[in-house]
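Enquirer: Okay, sequence plus prediction incoming.
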Amino acid sequence: MDKKLKATEEQRKYAGILDKGMKIGLLMLIITFVVYLSGILVPHVPVSDLPKYWSMPVHQYLEKTNIHLSWTWIHMLGKGDFLNFIGIAFLAGVTMICYIRIIPILFRKKDNVYGVIAILEVLVLMLAASGILKAGGH
Amino acid sequence: MVCDTSKIKNQRVKLKSWLVIFIFTFCILYLFVGSVFASPEPAAASAVAQPTVPWWMWPLSLFLVTFLLGIVAVLGGVGGGVLFVPIIGGFFPFHLDFVRGAGLLVALSGALAAGPGLLKKSMADLRLALPVALIASSCAIIGAILGLALPTNIVQIALGATILGIVAIMSIAKKSEYPDVKQADALSTALRINGIYHEISTGHEVNWKIHRTPQGLALFVIVGIMAGMFGLGAGWANVPVLNLLMGAPLKVSVATSKFLLSITDTSAAWIYINNGAVLPMIAVPSVIGIMLGSIVGVKMLAKTKPAAVRYIVIVLLLFAGLRALLKGLGVWE
């Protein structure tokens, strides 16, 4: 096989982490959702009350249910509904891990432009994940 | 005899396809009728309204519908997100904020699942994806913030118009298997965006390069904003830009687009998560339903006629787009 047909080192590393991360994240998502449905952990918003809230705009829902924005869910992981955010956050974080893994490979190969692009992407994703950016609410 | 057997097989395949279509249409009609008769009150009023169906009916229906959407999405060659947001947003009682949050997770999960295989086979190209992803994911953040800040009816109208635009793109846009790129432009040459992939159908190695890179990157500003604002995923826009404008081969464009979604939707998804617009009871059954549906869809793909399913997808999107547009305009509440 032609050498160029083979995926590059960074592409293979990225794919490897993405593969494992996606499987772990999906498993977490399923397990935490089963725990939520089983009622083992009491949810912050009772499941039977959800139909009262899910038709509201998000800011109104947050106000009525007394839920705070950003990473405050970390402190509520003992609640069945918030437990689901472990899997959700993991799935949303996998890409960042992939990028962090390929940065040293890119610089080692003297691919500095792509190294910088990868660093910028990590910064963009960290900014999005940080919770600093808030929507005004309608 | 051989002819008879293949005829019977064809008939069975047709029958199965029509069965899926029938069930799908039935579910949509059921939801439509349900949405009409289940009194979709304004948000404030619904806060005190007593629900008429048990709560678990909705997540269960959501799971079944997303399972069928997963099948149809694969057979129709579209992403799950583009079907999810208008159909679930139009016919379920959930607010559009939560539907878009779930839609992004649906599109993200699909992209995360497909990404590793596409990268390992060199179908998706990291060198092509990285610069595009940086622009699209930055703009998706802006789109997500805008989408959550704008009045719901404005987002509904814009969503409806976008879906109708997607219908137009799907109906009239041509695709080019191997676009003729005479010379790579300066930017793509500097970034060394080119490659070779193995085309299984012909057994040949396909060399590719791209052109019009600055124009393509500029268009990803709009694509990113729309992806974040509507939670649709953006394969419908990525592929034409990569294939028709920048000249990447169709398979590389489709694969790189799918992989791109895993980055673009990640940044937008964080905005929705951090702003409280992800409800696990909506998002998780949707993600699981659409992923299981996709697995079944892939198995059915070899036996069905994608062109026929594609027409059904177009009709569904047309219907859902009109619904979103008219809902936003207050004509069809």
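Expert: Sure, I can see it. Numbering: from 1, shown residues only, chains lettered A, B, ... in the order given.
Enquirer: what's the pLDDT at the closest residue to residue A:82 other than its chain neighbours?
Expert: Once flanking residues are discounted, residue A:82 sits nearest to residue A:76: 4.0 Å by C-beta to C-beta, 6 or more residues apart in numbering or on different chains. Where C-beta positions appear, they are placed from N, C-alpha and C, glycine not excepted. Here, the pLDDT recorded for residue A:76 equals 91.
Enquirer: Surely residue A:76 and residue A:44 touch.
Expert: Yes: here residue A:76 reaches residue A:44: they are 6.1 Å apart, a contact under C-beta atoms under 8 Å.
Enquirer: Neighbours of the residue nearest to residue A:82, how many?
Expert: Look at residue A:76: counted by other C-beta atoms under 10 Å in any protein chain shown, it has 15 neighbours.
Enquirer: distance of it from residue A:85?
Expert: Applying C-beta to C-beta, to the nearest Å, the value for residue A:76 to residue A:85 is 8 Å.
Enquirer: and if you look at residue B:64?
Expert: Relative to residue A:85, and taking C-beta to C-beta, residue B:64 is found at 25 Å.
Enquirer: So between these two, which is more surrounded?
Expert: Legend: neighbour count by other C-beta under 10 Å for residue B:64 and residue A:85, higher for residue A:85 (21 against 16).
Enquirer: What does the pLDDT read for the closest residue to that one other than its chain neighbours?
Expert: The shortest distance from residue A:85 to any non-neighbouring residue, by C-beta to C-beta, 6+ apart, is to residue A:73 (4.8 Å). The model reports residue A:73 with a pLDDT of 88.
Enquirer: again, but for residue B:43
Expert: Looking at residue B:43, its pLDDT stands at 41.
Enquirer: State the helix or strand in which residue 99 lies.
Expert: No chain was given, so I picked chain A. Assessed by DSSP states H and E, residue A:99 sits inside helix A:85-108.
Enquirer: um, chain B though
Expert: Element membership for residue B:99 (DSSP H and E) is helix B:96-120.
Enquirer: Check residue B:308 too.
Expert: Assessed by DSSP H and E, residue B:308 sits inside helix B:306-328.
Enquirer: From the chain's centroid, how far away is stretch B:182-201?
Expert: Here stretch B:182-201 is found 26 Å from its chain centre; the criterion is C-alpha atoms, centre = their mean, to the nearest Å.
Enquirer: Can you give me the buried ones in it?
Expert: B:184, B:185, B:187, B:188, B:191, B:193, B:194, B:195, B:197 (16 or more other C-beta atoms under 10 Å in any protein chain shown).
Enquirer: could you dump those to CSV with distance to residue B:76?
Expert: Putting the buried residues of stretch B:182-201 into CSV (distance: C-beta to C-beta, whole Å) gives the following:
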residue, distance to residue B:76
B:184, 33
B:185, 33
B:187, 34
B:188, 31
B:191, 33
B:193, 30
B:194, 31
B:195, 28
B:197, 24
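Enquirer: so which two of the residues you listed are the farthest from each other?
Expert: B:187 and B:197 (21.6 Å; C-beta to C-beta).
Enquirer: burial measure for residue B:213, as a count.
Expert: When neighbours are counted by other C-beta under 10 Å, residue B:213 registers 23.
Enquirer: Run a quick check on it versus residue B:188, I expect a contact.
Expert: Yes: here residue B:213 lies in contact with residue B:188, judged by C-beta under 8 Å, at a distance of 4.4 Å.
Enquirer: Was I right to think residue A:25 contacts residue A:90?
Expert: Yes: using C-beta under 8 Å, residue A:25 makes contact with residue A:90 at a distance of 4.3 Å.
Enquirer: out of those two, which sits in the busier spot?
Expert: The residue with more neighbours, out of residue A:25 and residue A:90, is residue A:25; 23 against 19, by other C-beta under 10 Å.
Enquirer: Mind giving me the packing neighbours of the host helix or strand of that one?
Expert: Residue A:25 is part of helix A:9-38 when elements are defined by DSSP H and E. Using 3 or more C-beta pairs under 8 Å, 6 or more residues apart in numbering or on different chains; DSSP states H and E, the elements in contact with helix A:9-38 are helix A:80-83, helix A:85-108, helix B:96-120, helix B:126-149, helix B:280-301.
Enquirer: which stretch among those comes nearest residue B:208?
Expert: Closest to residue B:208 of the helices and strands packed on helix A:9-38, according to C-beta to C-beta: helix B:126-149, at 9.4 Å.
Enquirer: Now do that closest one against helix A:85-108, angle only.
Expert: Angle, helix B:126-149 to helix A:85-108, by axes from the mean of the first three to the mean of the last three C-alpha atoms, to 10 degrees: 140 degrees.
Enquirer: Give me the mean pLDDT for stretch B:232-247.
Expert: Mean per-residue pLDDT for stretch B:232-247: 89.
Enquirer: does chain A sit close to it?
Expert: No: applying C-beta under 8 Å from any C-beta of the partner chain, one finds stretch B:232-247 separated from chain A by no less than 14.7 Å.
Enquirer: now do the same end-to-end measure for that stretch.
Expert: Start-to-end span of stretch B:232-247 (C-alpha to C-alpha, to the nearest Å) is 24 Å.
Enquirer: which residue is nearest the middle of chain A?
Expert: Most central in chain A under C-alpha atoms, centre = their mean is residue A:92, positioned 2.0 Å from the mean C-alpha point.
Enquirer: Was I right to think that one contacts residue B:273?
Expert: Yes: between residue A:92 and residue B:273 there is a contact at 6.4 Å, judged by C-beta under 8 Å.
Enquirer: mind listing what residue B:97 touches?
Expert: A:57, A:58, B:148, B:152, B:277 (C-beta atoms under 8 Å, 6 or more residues apart in numbering or on different chains).
Enquirer: That one and residue B:131: what is the separation?
Expert: Here the criterion is C-beta to C-beta. By it, residue B:97 lies 31 Å from residue B:131.
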